[in-house]
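Q: Show me how the following folds:
(chains A, B and C)
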Amino acid sequence: MPQLSVRGIEPQSMALVSGRLVEELAAICQCDTNNFTIDCLQITSVWSGELVPTYPFIEVAWFDRGTQVRDQLARAVTRHVQSLGIPELEIAFRVYRENEYYINGLPCV
Amino acid sequence: MPQLSVRGIEPQSMALVSGRLVEELAAICQCDTNNFTIDCLQITSVWSGELVPTYPFIEVAWFDRGTQVRDQLARAVTRHVQSLGIPELEIAFRVYRENEYYINGLPCV
Amino acid sequence: MPQLSVRGIEPQSMALVSGRLVEELAAICQCDTNNFTIDCLQITSVWSGELVPTYPFIEVAWFDRGTQVRDQLARAVTRHVQSLGIPELEIAFRVYRENEYYINGLPCV
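A: Numbers count the residues shown, from 1 in each chain, chains lettered A, B, ... in the order given. Have a look, this model is predicted:
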């Protein structure tokens, strides 16, 4: 955590920016880079009768750190993805509560 | 958004109904069809020691539009999926908040 | 429901423990084993410029049954996964509300 779930961007592309991206995100969150994961979901999208490319979308699941940090994260993720030549990206944040999150069977509280 | 994440239904099958489905959903939500995405997740399900077919399930992620619209969406999605010969379907709605949703780095507020 | 979405654990491995796991979870929840689904998501993770193994993570989506049941579920899932020789696992619970969950087009209320 934070956990990035990526849709519509090739893993090889995400890998290209992953190092610098995670360093920047860790600096914004003031936490260790090891807290981050970047998972590219394998998806087949459909539209109007056909298989189509998946729209670029990233869900960030995290413990809420407030509006300012969230805004900074969203801008950083967007900038790195756009540096790949991907013009449009949508990002949604999903908040996990610490008492509903378990590491090796123990809640994070 | 709304974003449909589909489990347990083949992309080729979802594609068959995708055109009419999105038109109906857009009419219910009174928004443009371009707001919708249909993403079929690649999943392997397991049960009782074996790999098994994935149970048909669709998560609809959206900005909440209230009970009446939600009920109508659920009925429309169910009807189109059942027209494919799939008898059972479960649908869950997930609400994104607009201040936690970013388009090209800017929050939707 | 509950629905387990698994990352970073091979379906063949999850299958090995799936029978006993679901029996134990059903006993904890005092519900039928048929309510459970175990979906292994196909994911490619990236880190520091490379494709890497996905970190073991399970999201449990459910109707909330309270802290005690949640703690017991988390411990049971963790114990079965660790019995596969997987040392670390994180689990997050996601709560669906019954009025936002539909079975065959009808809300669960």
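Q: tell me which parts of chain A are close to chain C?
A: Chain A comes close to chain C at residues A:1, A:3, A:11-12, A:14-16, A:18-19, A:22, A:37-42, A:61, A:96, A:99-105, A:107, as judged by Cβ under 8 Å from any Cβ of the partner chain. Where you see a C-beta, it was placed from the backbone N, CA and C, and this is true even at glycine.
Q: Just the buried ones among the residues you listed, please.
A: A:1, A:3, A:11, A:14-16, A:18, A:22, A:37-41, A:61, A:96, A:100-102, A:105, A:107 (16 or more other Cβ atoms under 10 Å in any protein chain shown).
Q: Which of the residues of chain A next to chain C fall in helices?
A: Among these, the members falling in helices (DSSP state H) are A:11-12, A:14-16, A:18-19, A:22.
Q: Now the two most distant members of those.
A: A:Gln12 and A:Val22 (16.5 Å; Cβ to Cβ).
Q: For the nearest residue to A:Ser48 once chain neighbours are set aside, give me the pLDDT.
A: Counting by Cβ to Cβ, 6 or more residues apart in numbering or on different chains, A:Ser48 lies nearest to B:Gly19, which is 4.6 Å off, once chain neighbours are set aside. Reported pLDDT at B:Gly19 in the predicted model: 98.
Q: My guess is B:Gly19 contacts A:Val52. True?
A: No. Counting by Cβ atoms under 8 Å, B:Gly19 stays clear of A:Val52, with 11.7 Å between them.
Q: In terms of distance to C:Ala27, which of the ones in helices among the residues of chain A next to chain C ranks first?
A: Closest to C:Ala27, out of all of these and judged by Cβ to Cβ, is A:Pro11, at 39.0 Å.
Q: hang on, that closest one packs against C:Thr44?
A: Yes. Contact criterion Cβ under 8 Å: A:Pro11 and C:Thr44 qualify, at 4.0 Å.
Q: what is in contact with these two at once?
A: A:40, C:51 (Cβ atoms under 8 Å, 6 or more residues apart in numbering or on different chains).
Q: which residue is nearest the middle of chain A?
A: Closest to where the C-alpha atoms of chain A average out (Cα atoms, centre = their mean) is A:Leu4, at 2.6 Å.
Q: out of everything not next to it in sequence, what's closest to it?
A: Closest to A:Leu4 by Cβ to Cβ, 6+ apart is A:Ile38, at 4.7 Å.
Q: wait, what's in contact with that neighbour?
A: A:4, A:6, A:14, A:18, A:21-22, C:45-47.
Q: Now with 7 Å, please.
A: By Cβ atoms under 7 Å, 6 or more residues apart in numbering or on different chains, the contact set of A:Ile38 is A:4, A:6, A:14, A:18, C:45-47.
Q: What distance do you get for it to C:Ile9?
A: Separation of A:Ile38 from C:Ile9 (Cβ to Cβ, to the nearest Å) stands at 18 Å.
Q: ok, now A:Glu90?
A: Computed as Cβ to Cβ, the A:Glu90 to C:Ile9 distance reads 29 Å.
Q: Which of the two has more residues huddled nearby?
A: Legend: neighbour count by other Cβ atoms under 10 Å in any protein chain shown for A:Glu90 and C:Ile9, higher for A:Glu90 (23 against 20).
Q: Looking at that one now. What's its pLDDT?
A: 98.
Q: For chain A, which residues are neighbours of chain B?
A: Applying Cβ under 7 Å from any Cβ of the partner chain, we find that chain A lies next to chain B at A:7, A:41-51, A:54-55, A:70-71, A:74-75, A:78, A:88-93.
Q: List buried residues within those.
A: In the residues of chain A next to chain B, the ones that pass as buried (16+ other Cβ under 10 Å) are A:7, A:41, A:43-47, A:54-55, A:70-71, A:74-75, A:78, A:89-93.
Q: Among these, which are located in helices?
A: A:70-71, A:74-75, A:78.
Q: A:Tyr102 and A:Tyr96, how far apart?
A: 10 Å.
Q: Let me know the outermost residue of chain A.
A: A:Gly49 (29.3 Å).
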